[in-house]
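Enquirer: Have a look; sequence and predicted model below, questions after that.
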Amino acid sequence: MQELIESGQFLTLSRRDPSLFERSHQFTLANGTLVSITAPGIISFSVQRASKPNKRIVLSCGVHGNETAPIEICDDLVKGILTGSITLTHDVLFLFGNLPAMDIAERFVEENMNRLFSGAHSKGEGLVNAERVRAKQLEDAVASFFEAGEGTRYHYDLHTAIRASKNEKFAVYPYLHDRVHSKGQLAFLAACGVKTILLSESSTTTFSYFSSYQYNAHAFTVELGKVRPFGQNDMRRFEDAKQAITKLITQTEYAPTVDMDDLDIYRVNQVINRNEEQFTLHFDDDTPNFTDYPKGTVLASEPGKEYVAEQDGEAIVFPNAKVAIGQRALLTVVPSTLDKLDV
Ligand SMILES: O=C(O)CCC(=O)N[C@@H](CCC(=O)O)C(=O)O
Ligand SMILES: [Zn+2]
């Protein structure tokens, strides 16, 4: 078993035979890194050396099962670490989120897992499904990992978007409450090719908000491109992201810089939920993310309610009329600036 894992088959085995990982496995690589597998798709690496690593990094992917490019990136990184071609400098936890949804090439099986964090998995009496159980398991894995050692905490939850986007790569910066946005993090994201940032202004039940709020982690939902089936991604489009992540986990001090003028900062202006069965978007299905509209344009409607652009230049992000009733069907964003930044 250890041999199979060390040959780089972790994700394949997790998907093909999850029962192999019903009990935990621990072993040490030739370079001394300790490998812990606590469940299918959950693997962490602890660097064993006298001077303790100063970053604890969570990389998650496949929280939506059909968002394959980030899964391929993380699978490659895990393979590289297990086979010794990548030597870590910091402790890293990899989470392959929704394995059953990957198998059916869908966003989710029963319920959108990225609405089930911060305890939402346990709300709604008697409601249990695989996604709820997994969301709790992922939360527990993040908690154990962050609490297992000192160091600044990071969580990049890697996704791809359903629609094409005018700004192909972008990240959601979860609502920070009283904390200050980090210029170093914006620089890291820019090094990944992510130069469009959406500032969320409210609490959510997403995975990145969970790590940000509960663990004061630098945490982001990172959208690296468009959803495509396994094997159909042009991996050249993800090379910058893969290189920057590799530097982050292998270099003691990786500190890229950024000129703020190179970034497009937006803030979320409206979070529009679907409240009724009949919910309609007033633009074409192939309208890309970040398409903007003049003030007063009707963007969506449902019986008794119209949702309009409140400002000139208000743009749509993540429109989806088919979400479950009560869930977010559309974000609108407006250009913004970041005046106060940490280094
Ligand atoms: O393209 C879409 O409509 C969805 C892409 C996606 O999965 N986005 C995340 C964003 C999470 C966040 O707001 O931080 C999601 O909807 O879960
Ligand atoms: Zn997603």
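Expert: Cool, got the structure. Ligands and ions are numbered 1, 2, ... in the order given.
Enquirer: any weak-confidence spans in this protein?
Expert: Across the chain, not a single residue meets the criterion (pLDDT under 70).
Enquirer: Any residues of it in contact with ligand 2? List them.
Expert: 64, 67, 159 (C-beta under 5 Å from the ion). Every residue, glycine included, has its C-beta placed from N, CA and C.
Enquirer: Just say helix, strand or coil for the nearest residue to the first one once chain neighbours are set aside.
Expert: What sits nearest to His64 in space, not counting adjacent residues and going by C-beta to C-beta, 6 or more residues apart in numbering, is Arg107, at 4.6 Å. Going by DSSP: H, G, I helix; E, B strand; the rest coil, the secondary structure assigned to Arg107 is coil.
Enquirer: circling back to that earlier point, ligand 1 next: which of the residues of the chain next to ligand 2 are close?
Expert: 64, 159 (C-beta under 6 Å from any ligand atom).
Enquirer: I'd like the residues of the chain next to ligand 2 as a markdown table, with distance to Ser336 appended.
Expert: Below are those laid out as a markdown table (distance: C-beta to C-beta, whole Å):
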| residue | distance to Ser336 |
| --- | --- |
| His64 | 27 |
| Glu67 | 26 |
| His159 | 22 |
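Enquirer: What about the residues of the chain next to ligand 2, which are in strands?
Expert: His159 (DSSP state E).
Enquirer: quick one, helices of this protein?
Expert: Secondary structure of the chain (DSSP state H): helices at 2-6, 10-16, 68-83, 99-103, 130-147, 183-191, 207-215, 239-250.
Enquirer: so how far is the last one off the chain centroid?
Expert: A distance of 15 Å separates the C-alpha centroid of helix 239-250 from that of its chain, computed with C-alpha atoms, centre = their mean, to the nearest Å.
Enquirer: Show me what that helix is packed up against.
Expert: Here helix 239-250 touches strand 55-61, helix 68-83, helix 183-191, going by 3 or more C-beta pairs under 8 Å, 6 or more residues apart in numbering; DSSP states H and E.
Enquirer: angle of that helix against helix 183-191?
Expert: Helix 239-250 and helix 183-191 are oriented at 140 degrees to each other (axes from the mean of the first three to the mean of the last three C-alpha atoms, to 10 degrees).
Enquirer: next one: the fifth one
Expert: Computed by the same axes, to 10 degrees, the angle separating helix 130-147 from helix 183-191 equals 120 degrees.
Enquirer: Can you name the residues that contact Pro319?
Expert: 163, 281, 283, 287, 289, 300, 329-330 (C-beta atoms under 8 Å, 6 or more residues apart in numbering).
Enquirer: Buried ones among those?
Expert: 163, 281, 289, 300, 329-330 (16 or more other C-beta atoms under 10 Å).
Enquirer: Just those: which are in strands?
Expert: Members of the buried ones among the contacts of Pro319 lying in strands (criterion: DSSP E): 281, 300, 329-330.
Enquirer: Show the contacting residues for the spatially closest residue to Ala255 that is not a sequence neighbour.
Expert: Residue nearest to Ala255 in three dimensions, not counting chain neighbours: Gly184, with 6.6 Å by C-beta to C-beta, 6+ apart. Taking C-beta under 8 Å, 6+ apart, we find Gly184 in contact with 255, 342-343.
Enquirer: try 10 Å
Expert: Gly184 makes contact with 152, 218, 254-258, 341-343 under the criterion C-beta atoms under 10 Å, 6 or more residues apart in numbering.
Enquirer: Same question for Asn275.
Expert: Per C-beta under 10 Å, 6+ apart, neighbours of Asn275: 302-305, 325-327, 329.
Enquirer: To what extent is Gly313 buried, counted in neighbours?
Expert: Neighbours of Gly313 under the rule other C-beta atoms under 10 Å: 13.
Enquirer: Please report phi then psi for it.
Expert: phi 80, psi 10 (degrees, to the nearest 10).
Enquirer: how about the nearest residue to it, chain neighbours excluded?
Expert: Once flanking residues are discounted, Gly313 sits nearest to Asp292: 4.9 Å by C-beta to C-beta, 6+ apart.
Enquirer: Quick check: the gap between that neighbour and Val317.
Expert: 10 Å (C-beta to C-beta, to the nearest Å).
Enquirer: Any figure for the gap between the residue nearest to His64 and His90?
Expert: 31 Å.
Enquirer: higher neighbour count, the two?
Expert: His90 (22 against 19).
Enquirer: Hmm, Tyr254 and that one touching each other?
Expert: Yes: counting by C-beta atoms under 10 Å, His90 does reach Tyr254; the two are 9.4 Å apart.
Enquirer: any residues in contact with both of the two?
Expert: By C-beta under 10 Å, 6+ apart, the residues touching both His90 and Tyr254 are 55, 248.
Enquirer: For the residue nearest the centre of the chain, list the residues it contacts.
Expert: Centroid-nearest residue in the chain, with C-alpha atoms, centre = their mean: Asp157, separated by 1.9 Å. Contact analysis of Asp157 by C-beta under 10 Å, 6+ apart lists 58-61, 63, 70, 95, 97, 114, 117, 138, 171-172, 174, 206-211, 219-223.
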